[in-house]
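Student: I would like the atomic coordinates for the input below:
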Amino acid sequence: DKYGNTAGNLTGSGSVVDGGETVYYRGADGIYKMNRDGTSVERLKKMKRDAIHRLSLAGDWLYYTDELNQVCRMKTDGSQQSVLTKEGFFQPMLVNDLIYYIDLAKGVGKMDLDGKNKKTVADTVPEYIWIESNQIYYTYHMTPSIYIQKLGLLQNEKDKISVNKDKSGEPFQKVGDWIY
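Tutor: All right, here's what the predicted structure looks like:
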């Protein structure tokens, strides 16, 4: 599987993404790139720091969400900037040639890297998603409990794997067979 960023980094707002010899990051006033050794710093897009989230990389495209929770993309040289969706999608994660996201009106969805072919893959609106090894893990609240659900990306098989009656559905980490 090819991921646009690590799930752990995206949990922390995805402020940096590794592009091999080039690093892309959220700076004080926009999106920047620099060489791995810290040279050749260049601002690609001017934005408020708090308006940039979840940087991801796929080929020569850089993806991010803005202050309106719109999924946006631009070439890694800063050209061809565009908004892929205006629906207010949350927590986009790039996996292979798709973007998975939370749509507060419909649930968990996916779309092509160009923003086309949107499809709902789970009709439960989650609080948080994590994708690993062809599985989507997501939390949702059904009073009085928080549940963690697992959904197979290829077969659409659902398994409820956890019930938590005392904690919130805040971001979690999956390491091996364990969820923290």
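Student: mind checking which helix or strand of this structure has the lowest mean pLDDT?
Tutor: strand 158-164 (a mean of 48; mean pLDDT, DSSP states H and E).
Student: So which elements touch the helix or strand hosting Asp18?
Tutor: Following DSSP states H and E, one finds Asp18 within strand 16-19. Using 3 or more Cβ pairs under 8 Å, 6 or more residues apart in numbering; DSSP states H and E as the contact test, the elements touching strand 16-19 are strand 22-27, strand 53-58. C-beta coordinates here come from the backbone N, C-alpha and C atoms, glycine included.
Student: Parallel or antiparallel, list what pairs with that strand.
Tutor: strand 22-27 (antiparallel) (DSSP bridges).
Student: sorry, back to before: now do the strand holding Asp18, average pLDDT.
Tutor: Regarding strand 16-19, the rounded mean pLDDT is 86.
Student: Now do the buried residues in that strand.
Tutor: Residues Val17 are the ones in strand 16-19 that count as buried (16 or more other Cβ atoms under 10 Å).
Student: ditto for stretch 131-143
Tutor: 131, 135-140.
Student: Closest one of these to Tyr24?
Tutor: Nearest to Tyr24, judged by Cβ to Cβ, of the buried residues of stretch 131-143 is Ile131 at 20.3 Å.
Student: Model confidence score at that closest one, please.
Tutor: 78.
Student: Gly78 versus that one, what's the distance?
Tutor: According to Cβ to Cβ, to the nearest Å, Ile131 stands 28 Å off from Gly78.
Student: Next, the distance between the ends of stretch 30-39.
Tutor: 17 Å (Cα to Cα, to the nearest Å).
Student: nope, stretch 129-149 is what I meant
Tutor: 9 Å.
Student: for stretch 33-42, same thing?
Tutor: 5 Å.
Student: Could you do stretch 33-51 as well?
Tutor: 17 Å.
Student: just to revisit the earlier point, deepest-packed of the helices and strands packed on strand 16-19, please.
Tutor: When these are scored by mean count of other Cβ atoms under 10 Å, the highest mean neighbour count falls to strand 53-58 (a mean of 22).
Student: for that one, packing partners?
Tutor: Here strand 53-58 touches strand 16-19, strand 22-27, strand 61-65, strand 90-95, going by 3+ Cβ pairs under 8 Å, 6+ apart.
Student: Would you format the ones you listed as a markdown table with distance to Lys33 included?
Tutor: As requested, the helices and strands packed on strand 53-58 are exported to a markdown table (distance: least, Cβ to Cβ, whole Å):
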| stretch | distance to Lys33 |
| --- | --- |
| strand 16-19 | 8 |
| strand 22-27 | 5 |
| strand 61-65 | 8 |
| strand 90-95 | 18 |
